[in-house]
Each structure stands twice: as C-alpha cells, then as structure tokens.
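>>> Predicted model and sequence follow; I will ask about them next.
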Amino acid sequence: MTAICCMESDSGVTVQLERDALRPTRSRAEARVFVQNLWDSMPRTDDTRADPELLASVRRCVRRGDISGAQCAIDACSDEAAETFNLRGVVSELNRDFPRAERAYKTALARDPLCSAAKFNLRRCYELWTFGRSDVLLCL
C-alpha cells in the first residue's frame, strides 16, 4: 500500500510516497496535482460509473417532492455504482421503507467506503427508524 504525506517547508512542498522515496515539488499547486493524479490512478472498489443524466433527474424529482417520478427514474438506472445505491436509499427512505433504505446505503458503502453521502444518510435512516426524527440533512 502506498502512503502519502505532504510536508511544507521554506524550500517548497515535499510529497512522500513511501517510507524513503521523496519527490520534491516546486509549489503547493504542483503537489496537489501530483497527489490528485496518484489518487485517480489508484484502484477503486467501485469501478462502475453512474449515468449522470439519470441521477440528475432523480435528484430533481426528489427536490421537487415528486417521489413517484424519482422512483421511476431510479428504477431506470441499471448501473451498480455507489451513487446509484445512495439515491435508491434516499427514494426508499422517502417512501418510509427504512429496511430497504438501510440495505441500499450499506451497499453503497460496500462499493465505495468513502461515500460520505451514504454515511450521513445511513445515520439519518437509523435515527428516523429508531427515534422518528433526525437532525441530519438528506444527502443527494
């Protein structure tokens, strides 16, 4: 596994890739680009990509309060991306189907453990199911 550490000094920013390998950079921006390129090249657990147009239509329906339209749009999504499962959970939660929403959020987190929207929505789902209310906002 590759460890990344950025250090700033008077001479510039240094990006440490492994224990002993240092790569000096000239600026903070160059270090950011280098780290972003490295991050983008790392393998992900979620290699599938969601259809952005379909997911945008689901979000629009949810914002308008059109839950049946959101359900139809999310049913049309055939991909297995974490973002899709998060939105499936949102639609299930709005339909008050908390067990199904919980399964969708957990699937989203299994596909992409860094999906913060699914983390917040899972917490929200638990609070709504257990206590009947939540202070956590819905993350689309």
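That came in fine, so what should we check first?
>>> what about the residue nearest to Ser116 when sequence neighbours are not counted, distance to Gly132?
Ranked by CB to CB, 6 or more residues apart in numbering and with sequence neighbours excluded, the top spatial neighbour of Ser116 is Cys139, at 7.4 Å. (Glycine included, C-beta is placed from N, CA and C.) When CB to CB, to the nearest Å is applied, the distance between Cys139 and Gly132 equals 20 Å.
>>> Neighbour count: those two, which is higher?
Summary of the neighbour comparison: Cys139 and Gly132, criterion other CB atoms under 10 Å, with Cys139 having more neighbours (18 against 7).
>>> For the more buried one, give me its contacts.
With CB atoms under 8 Å, 6 or more residues apart in numbering as the criterion, the residues that contact Cys139 are 86, 90, 116-118, 120-121.
>>> next one: phi and psi at it?
Main-chain dihedrals, Cys139, degrees, to the nearest 10: phi -100, psi 120.
>>> Let me see the confidence value for it.
The predicted local confidence for Cys139 comes out at a pLDDT of 87.
>>> Show me how the chain divides into domains.
For the chain, whose domains are defined here by automatic domain parsing, the residue ranges read 5-41, 52-131.
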